[in-house]
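Enquirer: Provide a 3D model corresponding to the input given below.
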Amino acid sequence: MGFPGTWMTESESVVYRVVPKCACSTIGQIMYYSDHGAFFDGDIHDAQSGLHKWALDASQDPITRNVTAHKSFAFTCVRNPYTRVLSSFFDKICGIQRNGRRYRGNLVPLLIQKYGIEVGGEDGKQEFDQIASFRRFLLFARDTIRWRRPMDPDIHWSAQAGHVSTFIVNGGKYDKIVWTESFNDGMQNVLDSIKTPHAVKLADIPRFNESEGHGPKRAHPVEDYFDDLSMHLVREIYKRDFALFKYDFDNPGNKMPVGEIDLDEVHAKLGD
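Expert: Modelled structure (predicted):
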């Protein structure tokens with residue numbers, strides 16, 4: 001299986017396991033800058049050179065050699081499951097993508113037909129009942145994850161523990177897990193632990209939020225989207241994410257972690 005979703009600087013200063021919707025655009029640009037002294041011109045996900053990615057055939061051997069020998073500092077980044085799934089809904093379901101089309105072609109028409117979801121019209125800019133539509137989307141997300149129907153789960157709303165675990169199961173070891181919610185502190189810790197060809201001053205790095213502007217703005221506080229039923233669905237889908245990455249299940253309005261991540265626990269529980 002190898003190391004899907006793994007990126008590494010060409011200088012091999014650092015290895016990163018991508019978790020979608022968790023600051024991955026910014027992290028990828030920081031890695032690129034640390035090697036080249038400039039940012040990639042465009043969405044870092046489109047870069048075909050300047051950064052080793054598992055999806056590029058030529059990168060697989062260098063990544064495998066590095067990760068299995070644990071030659072470089074390795075990290076990933078996680079996010080509160082409530083805000084992550086909400087962000088996925090607004091970006092991927094309601095939003096128009098970079099190519100000017102809906103995400104995954106016929107996905108949105110399927111959701112409108114089967115789950116009664118509204119997305120703000122053709123351009124995603126019209127008003128609609130965001131709360132009702134989001135809760136219906138959660139039912140769909142649960143169906144894809146639990147029963148793989150009407151389609152396989154998408155990487156943007158499948159559990160973070162699943163992404164994080166492939167790296168461990170195939171022989172990798174994390175040195176750090178960064179929280180999106182305290183990104184500067186966590187990323188500074190990563191940068192302090194590695195040597196890069198170009199110095200990175202975190203305060204000067206812009207936020208590369210490639211999904212921003214794709215979809216409608218969230219009209220309500222996070223907690224308003226989650227009633228008892230949706231919290232039950234969230235627990236069903238993301239139980240391990242809350243437990244391992246120390247987020248507050250009981251209060252959707254609290255995006256901050258409530259404890260320290262135990263890396264030994266993460267490796268033990270996700271390494272099976």
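Enquirer: which residues in the stretch 51-200 of the chain form helices?
Expert: With DSSP state H, counting those that start in this stretch as the criterion, the stretch 51-200 of the chain has helices at 57-69, 81-88, 107-115, 130-147, 160-169, 183-192.
Enquirer: tell me which of these is the most buried.
Expert: Among the helices of the stretch 51-200 of the chain, helix 81-88 has the highest mean neighbour count (mean count of other CB atoms under 10 Å), at a mean of 23. C-betas here are computed from N, CA, C, even on glycine.
Enquirer: how close does residue 14 get to residue 248?
Expert: Between residue 14 and residue 248 the distance is 30 Å, computed by CB to CB, to the nearest Å.
Enquirer: neighbour count winner among the two?
Expert: residue 14 (26 against 16; other CB atoms under 10 Å).
Enquirer: these two touch, right, the more buried one and residue 189?
Expert: No. In this structure, residue 14 is not within contact of residue 189 by CB atoms under 8 Å, at 11.9 Å.
Enquirer: now do residue 122, the pLDDT please.
Expert: Looking at residue 122, its pLDDT reads 80.
Enquirer: burial of it, as a residue count?
Expert: Residue 122 has 9 nearby residues by other CB under 10 Å.
Enquirer: same deal with the one 4 residues further on?
Expert: By other CB under 10 Å, 11 other residues sit near residue 126.
Enquirer: summarise which helices and strands the lengthiest strand in the chain is packed against.
Expert: Counting by DSSP state E, the longest strand found in the chain is strand 73-78. Contacts defined by 3 or more CB pairs under 8 Å, 6 or more residues apart in numbering; DSSP states H and E place strand 73-78 against strand 14-17, helix 160-169, strand 176-179, helix 183-192.
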